[in-house]
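Asker: Here's a sequence, model it:
(one chain, ligands or ions: 1)
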Amino acid sequence: MKKETIKAEMMLDKEFVISEIDPRIYGSFIEQLGRAVYGGIYEPTHPTADENGFRQDVMNLVKQLEVPIIRYPGGNMVSAYNWEDGIGPKENRPRRLELAWSAIETNQVGTNEFIDWSKAVGAEAMMAVNLGTRGIDAARNLLEYCNHPGGTYWSELRREHGYEQPHKIKTWCLGNEMDGPWQIGQKTAHEYGRLAAETGKVMKLADPTIELVSCGSSGSGMPTFPEWEATTLEHTYEFVDYISLHQYYGNRDNDTANYLANTLDMDNFIKTVIATCDYIKAKKRSKKTINLSFDEWNVWFHSNDQDNELEPWSIAPPQLEDVYTFEDAILVGSMINTLLKHSDRIKIACMAQLVNVIAPIMTETGGGIWKQTIFYPYYYTSVYGRGTALNSIVKSPKYDSKDYTDVPYLDSSVVYNEEHEELVIFAVNRHLENTLKVDIDILSFGGLEIVEHVVLENDNVKATNTLHQQQVKPHSEGQSFIEDQKLIGILPKMSWNMIRLRKSN
Ligand code: AHR
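Answerer: Next comes the predicted model:
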């Protein structure tokens, strides 16, 4: 195929405001699953372990990502979890069959350890309660244990365990993926709606300052989507603040052009959930708006086959250890763009997950640590994508793929950071062969200069990173320039880009 440069246009304006970005849109997720906790964040015998057994090499990379909020302890795992197993002296904690992932849970890490760790990495915890095998009582006790200052059974127990001050956990998930047949304690929409409403009601009686996330569908492909959202919200509307969305993609057909177009599905998913929330709002004549918590999103498919081969009932088995490719990183960059473009309604989002399990950070148990390909778009958007999300008017050439029509080659999001007077453009060129030249109108921002143009590109779409070789990493040699007060974005074939500008002197 002849290589050429294709052209697109963007018009930006300070006034084209979507929303202030809630920093929690850059959240993540640690489930008690595989080696996320044991051999991931916690490994007392590791050379870098601190006095609490946490790996400091992992903590340092998590801190680099500036993750604001981390969901815990599951995921599927939470639906059969007895939170009481994970508190008190470690030597007394029971070993349990962890039924969601067929492993042994030693409970050496539980609620208090997770809170200690999340504080150490500068993140807030987002706690899930078990609405699979348990319900209102266990949830209200856990909340009392965590958030009540003292003078009651559960709060005094926390103090006895060495935590004088309450953890003040603000955000709570009412169960996990309760529509899924794989979920322990799966429920119909009516069953879940009633249980979530009553649990939420009681939790807010115990602590009215908390915010609650109601379970949405486990993905846009679920047969009950979006009826599940409508029915459950009929019950929970008054008591909850957010509804969850979960979505994973995979390049199973090895069709890169089609794979990179999956954010069109993600966009449609988000719009449908917003429409459903607002339909129930209208039906209830409510003044309250339910926002979205996209609390599981990522690529997940590489490890599926190898996971089927694992023997059950071991401690911290290497489950869901996807090794990510360059093309996965490009899709992840687009997924973040999609979240930012909906930041008026998406207030929380969690990349699933954070360490070892479908994660941007990989470790060897007892050994080293490395950044997967997907680390990079997550890192740059989390660090530089803070402020106000802006709309842009985009004119881009398009293509058709197996599942999608009219896929724009240019996919982007735009953030204006007033405090630093910085304009940041995150842009993906989906074209597999051609450079994309984008004329960007930035007149309304006054004189700007380019601070850096970071590019993630690679000739091999299947290139991966390992402990010993970082084949996929960004460079700052992007070729964008300013000409006649216009920004000319030069986006190499199939690339993710961050163009950061600030007021020129
Ligand atoms: O993140 C891995 C799993 O994906 C979670 O446990 C579950 O909620 C989802 O199905």
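
Asker: Around the ligand, pick out the residues from the protein.
Answerer: Within the chain, the residues that sit near the ligand (C-beta under 6 Å from any ligand atom) are 31, 74-76, 176-177, 296, 352-353. In this view, the C-beta of every residue, glycine as well, is placed from N, C-alpha and C.

Asker: residue boundaries of the strands in the stretch 51-200 of the chain?
Answerer: Using DSSP state E, counting those that start in this stretch, the strands of the stretch 51-200 of the chain run over residues 69-72, 96-98, 103-105, 124-129, 171-174.

Asker: So which bits of the third one are buried?
Answerer: Under the neighbour-count criterion of 16 or more other C-beta atoms under 10 Å, strand 103-105 has 103, 105 buried.

Asker: what are the C-alpha coordinates of the helix or strand Glu234 falls within, in PDB please?
Answerer: According to DSSP states H and E, Glu234 maps onto helix 227-236. The C-alpha trace of helix 227-236 is given here as PDB (Å, rounded to 0.1, in the frame of the first residue of the first chain):
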ATOM      1  CA  GLU A 227     -33.300  -3.300  30.900                       C
ATOM      2  CA  TRP A 228     -31.200  -4.200  34.000                       C
ATOM      3  CA  GLU A 229     -30.200  -0.500  34.400                       C
ATOM      4  CA  ALA A 230     -33.800   0.700  34.100                       C
ATOM      5  CA  THR A 231     -35.300  -1.900  36.500                       C
ATOM      6  CA  THR A 232     -32.600  -1.700  39.200                       C
ATOM      7  CA  LEU A 233     -32.600   2.100  39.100                       C
ATOM      8  CA  GLU A 234     -36.400   2.000  39.700                       C
ATOM      9  CA  HIS A 235     -35.600   0.500  43.100                       C
ATOM     10  CA  THR A 236     -32.300   2.200  43.900                       C
END
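
Asker: Return the list of helices and strands in contact with that helix.
Answerer: Where contact means 3 or more C-beta pairs under 8 Å, 6 or more residues apart in numbering; DSSP states H and E, helix 227-236 is packed against helix 189-206, strand 211-214, strand 242-249, helix 263-283.

Asker: Can you list the buried residues in the longest one?
Answerer: Using 16+ other C-beta under 10 Å as the burial criterion, the residues of helix 263-283 that qualify are 263-267, 269-270, 272-274, 276-277, 280-281.

Asker: And stretch 479-498, end to end?
Answerer: End-to-end distance of stretch 479-498: 12 Å, with C-alpha to C-alpha, to the nearest Å as the criterion.

Asker: which parts of it are buried?
Answerer: Across stretch 479-498, burial judged by 16+ other C-beta under 10 Å covers 480, 482, 486-487, 489-498.

Asker: Show me which of these is closest to Lys14.
Answerer: Proximity of the buried residues of stretch 479-498 to Lys14 (C-beta to C-beta) peaks at Leu487, which lies at 14.4 Å.

Asker: would that closest one count as being in a strand?
Answerer: Yes - checked against DSSP: H, G, I helix; E, B strand; the rest coil, Leu487 lies within a strand.

Asker: Any chance of the backbone angles for the residue lying closest to it once chain neighbours are set aside?
Answerer: Distances taken as C-beta to C-beta, 6 or more residues apart in numbering place Ile440 nearest to Leu487, at 4.0 Å, with adjacent residues excluded. Main-chain dihedrals, Ile440, degrees, to the nearest 10: phi -120, psi 120.

Asker: contacting residues around Ile440?
Answerer: By C-beta atoms under 8 Å, 6 or more residues apart in numbering, the contact set of Ile440 is 9-12, 425, 486-489.

Asker: Likewise for Lys283?
Answerer: With C-beta under 8 Å, 6+ apart, Lys283 has these contacts: Glu234.
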